[in-house]
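Chemist: This is the structure alone, sequence omitted:
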């Protein structure tokens with residue numbers, strides 16, 4: 001069954017319970033930091049129930065499915081809901097590419113240069 005047929009049955013990110021995550025990763029990759037010691041992730045934090053959350057998640061997820069990253073070191077995307085706010089993240093296997101991937105996120109999501117995003121390398 002293709003991803004699109006599963007996607008139509010998922011709850012929208014704003015409808016998820018607190019402390020929930022959706023992960024979309026390449027192949028059989030598990031979303032575990034210790035698997036990517038040379039990588040990191042870009043995170044965009046949003047207010048709880050932001051109207052942008054679903055669009056950002058969908059844009060990043062479809063960018064992965066459609067190979068829009070043009071970079072195989074992008075290995076997955078995550079949407080997370082937390083009591084103090086929600087977030088979308090892009091995971092990579094190579095921290096050296098953080099600048100180019102950060103710019104690609106801004107382009108995909110149509111964010112201006114002043115929109116705060118955080119890059120966090122995985123702990124070694």
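Modeler: All right, it came through fine. Since the model is a prediction, treat every value here as computed from it, not as a measurement. Numbers count the residues shown, from 1 in each chain.
Chemist: For residue 95, grab the count of nearby residues.
Modeler: By other C-beta atoms under 10 Å, 18 other residues sit near residue 95. From N, CA and C alone the C-beta is placed, and that goes for glycine too.
Chemist: mind checking how far it is from residue 12?
Modeler: 32 Å (C-beta to C-beta, to the nearest Å).
Chemist: Break down this structure into its strands, ranges please.
Modeler: Secondary structure of the chain (DSSP state E): strands located at 20-25, 40-46, 74-82, 85-92, 118-121.
Chemist: Out of the ones you listed, which one sits most buried?
Modeler: strand 85-92 (a mean of 24; mean count of other C-beta atoms under 10 Å).
Chemist: Go ahead and name everything in contact with that one.
Modeler: 13-14, 25, 31, 36, 39-50, 53, 56-57, 60, 71, 73-80, 98, 101, 105 (C-beta atoms under 8 Å, 6 or more residues apart in numbering).
Chemist: where does the chain dip in pLDDT?
Modeler: 1-8, 124 (pLDDT under 70).
Chemist: Please repeat the previous calculation with a cut-off of 90.
Modeler: 1-18, 20-38, 48-49, 64-73, 122-124 (pLDDT under 90).
Chemist: show me where it has helices.
Modeler: 3-7, 53-65, 98-109 (DSSP state H).
Chemist: Dump those helices into TSV; add mean neighbour count as well.
Modeler: Shown next, in TSV, are these (neighbours: other C-beta atoms under 10 Å):
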stretch	mean neighbour count
helix 3-7	10
helix 53-65	19
helix 98-109	16
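Chemist: which stretch among the strands of the chain comes nearest residue 109?
Modeler: Closest to residue 109 of these is strand 40-46 (C-beta to C-beta; 7.5 Å).
Chemist: from the chain's centre, how far out does the closest one sit?
Modeler: Remark: strand 40-46 is offset 7 Å from the chain centroid, using C-alpha atoms, centre = their mean, to the nearest Å.
Chemist: residues contacting residue 36?
Modeler: 75, 91-93, 122.
Chemist: Could you rerun that using 6 Å?
Modeler: 93, 122 (C-beta atoms under 6 Å, 6 or more residues apart in numbering).
Chemist: for it, phi and psi?
Modeler: Backbone torsions of residue 36, given as degrees, to the nearest 10, read phi -130, psi 60.
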